[in-house]
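Enquirer: 3D, please:
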Amino acid sequence: MFAFLLAPFLLALAPLTSGTDGGCRGADPAILHAGVRSMTANGDLNHYTIDITVRNVGQAGQPSNLLQSIEVSQDATPVDRIGLQPLKPGATQTVSYAFDRSKDAGTNTTRLTFRLVQKGMTVPGPLDCNVANDIFRLTL
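Expert: Numbers count the residues shown, from 1 in each chain. As a prediction, this is how the structure comes out:
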């Protein structure tokens, strides 16, 4: 009887301890979303501001001296790098990327890729349990 009552609770917890990370107990920074915050016209150019939201969806915090950033590529060419702070479990940081685009550019002709990059750390345990959530693509 007790097991029957406990089963729904255990099933609800299952996503927290399993999944694509193979049960990893480390940090898992993930790009949750990237989207246009604003667009303003300036002559023949449109100035875009893109917000990128990163969250540590893992079970452990990142080391305080981790060098972490988002590499921004436009049409497969790296164009910028945006620094990020190390994140505690569940912590979120939103950063912005701004760029200009011709007002005559066609819809869906600019492809942006945002990729998490970590450098300079050698610590025991994983720094990133799931690299599949480290990339976000946006087409304008």
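Enquirer: Quick check: G35 touching Y48?
Expert: No: using C-beta atoms under 8 Å, G35 is not in contact with Y48; the gap is 10.5 Å. Where C-beta positions appear, they are placed from N, C-alpha and C, glycine not excepted.
Enquirer: In this structure, where is pLDDT below threshold?
Expert: Within the chain, the set of residues satisfying pLDDT under 70 comprises 1-22, 120-126.
Enquirer: if we can go back for a sec, look at G35 and Y48 and report which has more neighbours.
Expert: Y48 (18 against 10; other C-beta atoms under 10 Å).
Enquirer: Endpoints of stretch 49-69, how far apart?
Expert: From its first residue to its last, stretch 49-69 covers 18 Å (C-alpha to C-alpha, to the nearest Å).
Enquirer: And it, what's buried?
Expert: Neighbour counts over stretch 49-69 (16 or more other C-beta atoms under 10 Å) mark 50, 52, 54-63, 66, 68-69 as buried.
Enquirer: Please apply the same query to stretch 131-140.
Expert: In terms of neighbour count (16+ other C-beta under 10 Å), stretch 131-140 has its buried residues at V131, N133, D134, F136, L138, L140.
Enquirer: and that stretch, how far apart are its ends?
Expert: 25 Å.
Enquirer: Run through who's touching stretch 99-108.
Expert: By C-beta atoms under 8 Å, 6 or more residues apart in numbering, the list of residues contacting stretch 99-108 from outside reads 41-42, 44-48, 50, 74, 79, 110, 139-140.
Enquirer: want to throw the residues you listed into CSV with distance to K103 and secondary structure?
Expert: Below are the contacts of stretch 99-108 laid out as CSV (distance: C-beta to C-beta, whole Å; DSSP: H, G, I helix; E, B strand; the rest coil):
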residue, distance to K103, secondary structure
A41, 6, strand
N42, 9, strand
D44, 6, coil
L45, 6, strand
N46, 5, strand
H47, 10, strand
Y48, 11, strand
I50, 17, strand
Q74, 17, strand
V79, 19, strand
T110, 13, coil
T139, 17, strand
L140, 12, coil
